[in-house]
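A.B. asks: my questions concern the predicted model and sequence given below.
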Amino acid sequence: MTLVAPTLAGYQKDWLRADVVAGLSAGAVVIPQAMAYATIADMPVQIGLYTCMVPMVVYAMLGGSRAISVSTTSTIAILTASTMIGAGIAAGSDDAQSSLMTLTLLVGVILLLARVLRLGAIIENISEATLSGIKAGVGLTVAVGQLPKLLGVPSDPEATGFFRVLWSAVRQIGDANLATVLLAAGSIAALYAMAKFVPRVPGPLVVVAAGIALIAFTGLRDRGVELIAEVPQGIPLPGIPSMHDVGALIPGALAIAAMAFLETVSVARGVRRQGEPQIDSNQEMLANGVASVAGAFFHTLPPAGGFSQTAVALRAGARTQLTGLVTAVLAVLVALFLAPVLSDLPEATLGAMVVVATLGLVDLKVFARFWRLNRDEFWVALATALIGLTAGLLPAVAVGVLFTLYLVLRELNRPHVVQLSRDVDGRWIGGEEDAPSTPADPLVLRINSALYTANVLANVTAIRERAEAAGAKAVVVDCSRAWKITTTVMHHVRDLDQELSARGVTVYFADLPPNELETALGTTVGRQFQKSGRIFDTVEDALRALVR
């Protein structure tokens, strides 16, 4: 595996034009979107602009996806805002940007530690249902949070959560600024129309340019249309993250690190083209972690891969991460030369972009699919979304992860015992795990999973119940798939043997994997089975011994 710039290995000259065009096209979407996402995080718009610089360059050097565009996402932005609020850091305060640097650094450090421990595959166990619920909660919460900007009314700093913010905005509808409402409605309509009918056109760039032009050449400013805060000109100077509030920021940093990794990996795998290398979760964790650590010193939001800008890059023909480097250069040029122009951007236009981007996270079709295929996943997604709307996004992430862990443990801990029978060719075949036992003597069973402390009782109970149901006097247990056996497991096996022996049933074991056979024979129980001649190399050996 190439450590540095793996996607640029074997670069071909005829890819250059496509990558440059794709980088410019993606930049036309990602730069205004990242500025909008910065406002979700209660940060100045330039923070989003800065996030399109260093993290993109770092990912281009280390990431494994050839096309993904890594800046930030609405999910990361709202998690950032929730973390700051939970840590008691007021938006717009002198400490806010310093604390953001600390948070971004913590996210990177957590990802790098997870990479060292090779936890990529474990984090990926967070289910699609959990992610769908979180995204739905994010989409609705963020969209409602933009209502004051769309209406041209002041936001209530005391109102937090979906329902309170919604009620606060509804109460102020009578005070809405007509010019602001019309501008917001027109921006939303334009964004949806361009996405549907001319998807190759960078809608966010067009809407931003139109909003700035309307301010410059019409009297909208005089009609009460509010503008964003002034954007400072120039690139960010390096800074040192503060070590204050580290303890208060760690819980949010853990959630952000998990979501940043999951979003990046899911987008990277979703856009991988046939023939391209597989996405290595640990490599993505390294790239994301280093991008976050490096970005922390340049005032960025925690970075993650975003689907919308990646889709734009793909449509424009992106071949490698040179696309990301071009986008980063474009962001630098915008910061150097267009900052005064960006300062004329209406808040309503920025809010419209946020609404369109975040409502896209609410996918009702996914919820309908969960309802049809797996009700457990539906309830996990719904519960996660509702908790996000009422208690906040960080509790929603925590509950979603706990739900996922519960479902995983429930699946792992249920019995995985099947009855074996011969087919017409004399081969052993297994039935369904939940199929009832049929009369057989000897009864041949197979354990289809590892045996460990949490699931051994369920499996030995299943063996006992199947032996009783089949009326067998001898039971042969095929252990070829039981790739993990512990001393605790052997004690439960002894109890099973004693219980069945008292009922006149003898238990034999066959085909233990070599390492597990050594483990078993290293216990008193295992040696007793060996001396009694009830451990065999194969099921056939056990059956021949029974015949003799």
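C.D. replies: Alright, I've got the coordinates.

A.B. asks: contacts and neighbour counts: CA atoms only from here.
C.D. replies: Fine.

A.B. asks: which helices and strands sit right next to the one helix or strand residue 313 maps to?
C.D. replies: Taking DSSP states H and E as the criterion, residue 313 maps to helix 307-315. The contact analysis (3 or more Cα pairs under 8 Å, 6 or more residues apart in numbering; DSSP states H and E) places helix 307-315 against helix 16-40, strand 69-71.

A.B. asks: right, and those - which one's nearest residue 210?
C.D. replies: Shortest distance between residue 210 and the helices and strands packed on helix 307-315, using Cα to Cα, is found for helix 16-40: 12.7 Å.

A.B. asks: could you check the angle helix 307-315 makes with that closest one?
C.D. replies: 170 degrees (axes from the mean of the first three to the mean of the last three Cα atoms, to 10 degrees).

A.B. asks: helix 16-40: how far from the chain's middle?
C.D. replies: 22 Å (Cα atoms, centre = their mean, to the nearest Å).

A.B. asks: assign residue 444 to helix, strand or coil.
C.D. replies: Using DSSP: H, G, I helix; E, B strand; the rest coil, the structure places residue 444 in strand.

A.B. asks: find the nearest non-adjacent residue to residue 535, please.
C.D. replies: Spatial nearest neighbour of residue 535, excluding adjacent residues (Cα to Cα, 6 or more residues apart in numbering): residue 509 at 4.8 Å.

A.B. asks: kindly report the same for residue 141.
C.D. replies: For residue 141, the closest residue by Cα to Cα, 6+ apart turns out to be residue 162, at 5.0 Å.

A.B. asks: okay, the one you found: pLDDT?
C.D. replies: pLDDT for residue 162: 84.

A.B. asks: residue contacts, it?
C.D. replies: 140-141, 144-145, 389-390 (Cα atoms under 8 Å, 6 or more residues apart in numbering).

A.B. asks: please apply the same query to residue 166.
C.D. replies: 144-145, 147.

A.B. asks: which parts of the helix or strand harbouring residue 110 are buried?
C.D. replies: Secondary structure assignment for residue 110, by DSSP H and E: helix 94-116. Within helix 94-116, the residues that count as buried by 16 or more other Cα atoms under 10 Å are 96-112, 114-115.

A.B. asks: again with stretch 152-162
C.D. replies: 152-153, 155, 160-162.

A.B. asks: okay, now the unreliable bits of the stretch 401-548 of the chain?
C.D. replies: 548 (pLDDT under 70).

A.B. asks: the strands in it, which residues?
C.D. replies: For the stretch 401-548 of the chain, the strands defined by DSSP state E, counting those that start in this stretch occupy 417-422, 428-430, 443-447, 474-478, 506-510, 535-536.

A.B. asks: how about TSV for the ones you listed, with distance to residue 517 added?
C.D. replies: Shown next, in TSV, are the strands of the stretch 401-548 of the chain (distance: least, Cα to Cα, whole Å):
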stretch	distance to residue 517
strand 417-422	19
strand 428-430	22
strand 443-447	15
strand 474-478	13
strand 506-510	10
strand 535-536	9
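
A.B. asks: figure out which of these is closest to residue 411.
C.D. replies: Among the strands of the stretch 401-548 of the chain, strand 417-422 sits nearest to residue 411 (Cα to Cα), with 13.2 Å.

A.B. asks: follow-up on the earlier one: just the contacts of residue 162: which are in helices?
C.D. replies: Residues of these located in helices (DSSP state H): 140-141, 144-145, 389-390.

A.B. asks: can you pull out the helices in the stretch 351-500 of the chain?
C.D. replies: Remark: helices assigned in the stretch 351-500 of the chain by DSSP state H, counting those that start in this stretch are 364-373, 375-390, 393-413, 456-470, 487-501.

A.B. asks: which of the ones you listed is buried the deepest?
C.D. replies: helix 375-390 (a mean of 22; mean count of other Cα atoms under 10 Å).

A.B. asks: can you measure across stretch 471-481, start residue to end residue?
C.D. replies: With Cα to Cα, to the nearest Å applied, stretch 471-481 spans 25 Å between its terminal residues.

A.B. asks: same question for stretch 52-68.
C.D. replies: Stretch 52-68 end-to-end distance (Cα to Cα) = 13 Å.

A.B. asks: quick one: average pLDDT of it?
C.D. replies: 91.

A.B. asks: helices or strands up against the helix or strand encompassing residue 60?
C.D. replies: Secondary structure from DSSP H and E places residue 60 in helix 54-62. Packing contacts for helix 54-62, counted by 3+ Cα pairs under 8 Å, 6+ apart, involve strand 69-71, helix 281-296, helix 322-337.

A.B. asks: do you know which of these lies nearest residue 439?
C.D. replies: helix 281-296 (47.4 Å).

A.B. asks: quick one: which of the helices of the stretch 351-500 of the chain is nearest residue 271?
C.D. replies: helix 364-373 (19.1 Å).

A.B. asks: what about that closest one, average pLDDT?
C.D. replies: 92.

A.B. asks: show me what it is in contact with.
C.D. replies: Helix 364-373 has contacts (Cα under 8 Å, 6+ apart) with 129, 132, 377-378, 381-382.

A.B. asks: distance to residue 538 for those - can I get that in TSV?
C.D. replies: Output for the contacts of helix 364-373, formatted as TSV (distance: Cα to Cα, whole Å):
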residue	distance to residue 538
129	42
132	46
377	40
378	43
381	45
382	48
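
A.B. asks: among those residues, which one lies nearest to residue 341?
C.D. replies: Using Cα to Cα, these come closest to residue 341 at residue 132, 37.3 Å.

A.B. asks: how close does the closest one get to residue 385?
C.D. replies: To residue 385, residue 132 is 8 Å away according to Cα to Cα.

A.B. asks: on that earlier part again, which of the helices and strands packed on helix 307-315 sits most buried?
C.D. replies: strand 69-71 (a mean of 31).

A.B. asks: give the buried residues for the very next helix or strand once past that strand.
C.D. replies: With elements assigned by DSSP H and E, the helix or strand that comes after strand 69-71 is helix 74-86. Of all the residues in helix 74-86, those buried under the rule 16+ other Cα under 10 Å are 74-84, 86.

A.B. asks: from those, which is closest to residue 336?
C.D. replies: Using Cα to Cα, those come closest to residue 336 at residue 77, 24.3 Å.

A.B. asks: pLDDT score assigned to the closest one?
C.D. replies: 91.

A.B. asks: dump the helix holding residue 60 to CSV, keeping only the CA atoms.
C.D. replies: Listed next in CSV are the C-alpha coordinates belonging to helix 54-62 (Å, rounded to 0.1, in the frame of the first residue of the first chain):
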residue,chain,number,x,y,z
VAL,A,54,-5.6,22.0,4.8
PRO,A,55,-7.9,19.0,5.4
MET,A,56,-8.3,18.5,1.6
VAL,A,57,-4.6,18.6,1.0
VAL,A,58,-3.9,16.1,3.8
TYR,A,59,-6.6,13.7,2.6
ALA,A,60,-5.3,13.9,-1.0
MET,A,61,-1.9,12.8,0.3
LEU,A,62,-3.1,10.0,2.6
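
A.B. asks: hmm, who's touching that helix?
C.D. replies: 3-7, 69-71, 283, 286-288, 290-292, 294-295, 298, 303, 321-322, 324-325, 327-328.

A.B. asks: looking at the strands of the stretch 401-548 of the chain, which is nearest to residue 497?
C.D. replies: strand 506-510 (6.3 Å).

A.B. asks: now for the closest one, which elements pack on it?
C.D. replies: strand 474-478, helix 487-501, strand 535-536, helix 539-547.

A.B. asks: who does that strand pair up with?
C.D. replies: When pairing is defined by DSSP bridges, strand 506-510 lines up against strand 474-478 (parallel), strand 535-536 (parallel).

A.B. asks: still on that earlier bit, now for the buried residues of helix 74-86, which pair is the farthest apart?
C.D. replies: 74 and 86 (18.2 Å).
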